[in-house]
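1. Build me a structure from this.
(one chain, ligands or ions: 1)
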Amino acid sequence: MPVTQSIFFDSSDTRIADICARQQLTFDNEALFELVFENDCLTLKKRDEPKLGGIFVDFVSGAVAHRRKFGGGRGQAIAKAVGLKQGENPSVVDGTAGLGRDAFVLASLGCKVTMVERHPVVAALLEDGLRRGYEDSEIGDWLQQRLSMVHASSLEALPELGLAPDVVYLDPMYPHREKSALVKKEMRVFQSLVGADLDADGLLAPALTLAGMRVVVKRPDYAEDLDGVKPSAVIATKKNRFDVYVKAAMKS
Ligand SMILES: C[S@@+](CC[C@H](N)C(=O)[O-])C[C@H]1O[C@@H](n2cnc3c(N)ncnc32)[C@H](O)[C@@H]1O
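-> So this is what the prediction gives:
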């Protein structure tokens, strides 16, 4: 699995240099991607396509904040898939955290969520998004209680987390069939950084072992079942579906 370990950054910026050292990212003048602080947000840029703009994790404003306020609450598909409908707040391990959007939705609805992310650059972006979120006067208190991140691969780390979550949530990168021009600019930067998670099938078995109640897998509607295993239930949305593998009924 190719993971970008080299990155371009302003090496006189000690704040970025410290982050890169912690994530074991090495400075490379020729690297395709750059990390930079813009308006106090750690931002990723693709150097050969500056028009695509930068990506960063923002739990405080923008799309995820809007969804938190107006996004359909416990009635939305992800909430139903995880089992929130019954009035429970299951604990969740999000084994493929990405930019943390799904994890944030679940945390904002009351779940305690541990995100696991293996890509060092994505982990750095998440850590920075959490820092700003934790400091925010509106969401900081509950965010500190409910959302955290571990930088590791879920293929190996799930049994070592010392957690016994009700739900394991998975949303690995699926090889995209959409023409790149149709994919949102921001997602193009993310996709070219992370690539397809071709080893994703290996996540289902450890997820099923760890989850007390269920495993939820988000897939594009045209994708085959993860690891070829048929889910117990499917919740479909416009472009995606949530495959639910039930181990035990939710406490009522
Ligand atoms: C499609 S993105 C997830 C998007 C996320 N659900 C969101 O709402 O922002 C998939 C992410 O999972 C990560 N990933 C894939 N396999 C992983 C593994 N075995 N362990 C940890 N992270 C993994 C990838 O690096 C990528 O950042």
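2. contacting residues around the helix or strand hosting L106?
-> In this assignment (DSSP states H and E), L106 forms part of helix 101-108. Residues from elsewhere that reach helix 101-108 (CB atoms under 8 Å, 6 or more residues apart in numbering): 59, 63-64, 67-68, 71, 76, 78-79, 82, 84, 92, 94, 97, 113, 115, 139, 142-143, 146-147, 169, 171, 218. Every C-beta, even on glycine, is put in place using the N, C-alpha and C of the backbone.
3. State the number of residues packed around the residue of the chain found nearest the ligand.
-> Nearest residue of the chain to the ligand: G98, at 2.5 Å (CB to the nearest ligand atom). As a burial measure, G98 scores 20 neighbours (other CB atoms under 10 Å).
4. quick one on the thing from earlier: could I have the CA atoms of the helix holding L106 written out in PDB?
-> Provided in PDB are the C-alpha atoms of helix 101-108 (Å, rounded to 0.1, in the frame of the first residue of the first chain):
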ATOM      1  CA  ARG A 101     -16.700  13.600   8.700                       C
ATOM      2  CA  ASP A 102     -18.700  10.500   9.400                       C
ATOM      3  CA  ALA A 103     -17.000  10.100  12.800                       C
ATOM      4  CA  PHE A 104     -18.000  13.700  13.600                       C
ATOM      5  CA  VAL A 105     -21.600  13.200  12.600                       C
ATOM      6  CA  LEU A 106     -21.800  10.200  15.000                       C
ATOM      7  CA  ALA A 107     -20.000  12.100  17.800                       C
ATOM      8  CA  SER A 108     -22.300  15.100  17.300                       C
END
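5. quick one, helices of the protein?
-> 14-22, 62-70, 77-82, 101-108, 120-135, 140-146, 154-157, 185-194, 204-210 (DSSP state H).
6. Can you tell me which of those is packed in deepest?
-> Most buried of those by mean neighbour count (mean count of other CB atoms under 10 Å) is helix 101-108; its value is a mean of 24.
7. Residues of the stretch 51-200 of the chain that sit close to the ligand?
-> Residues of the stretch 51-200 of the chain that fall close to the ligand, judged by CB under 6 Å from any ligand atom: 95-96, 98-102, 116-119, 122, 153-155, 171-173, 194, 197.
8. at 8 Å what do you get?
-> Proximity of the stretch 51-200 of the chain to the ligand, by CB under 8 Å from any ligand atom, involves residues 94-105, 116-119, 122, 152-155, 157, 169, 171-174, 190, 194, 197, 199-200.
9. Okay, now the unreliable bits of the chain?
-> Across the chain, the ranges flagged by pLDDT under 70 are 1-4, 86, 177-183, 251-252.
10. Can you verify my assumption that D197 contacts T96?
-> Yes. D197 is in contact with T96 according to CB atoms under 8 Å; the separation is 7.1 Å.
11. More neighbours: which of the two?
-> More neighbours surround T96 than the other of D197 and T96, with 27 against 19 (other CB under 10 Å).
12. Report the contact partners of the more buried one.
-> Taking CB under 8 Å, 6+ apart as the contact definition, T96 lies against V116, E117, S154, Y169, L170, D171, P172, M173, D197, A200, L203.
13. ranking those residues by neighbours, who comes first?
-> Within the contacts of T96, neighbour counts (other CB under 10 Å) peak at Y169, which reaches 29 neighbours.
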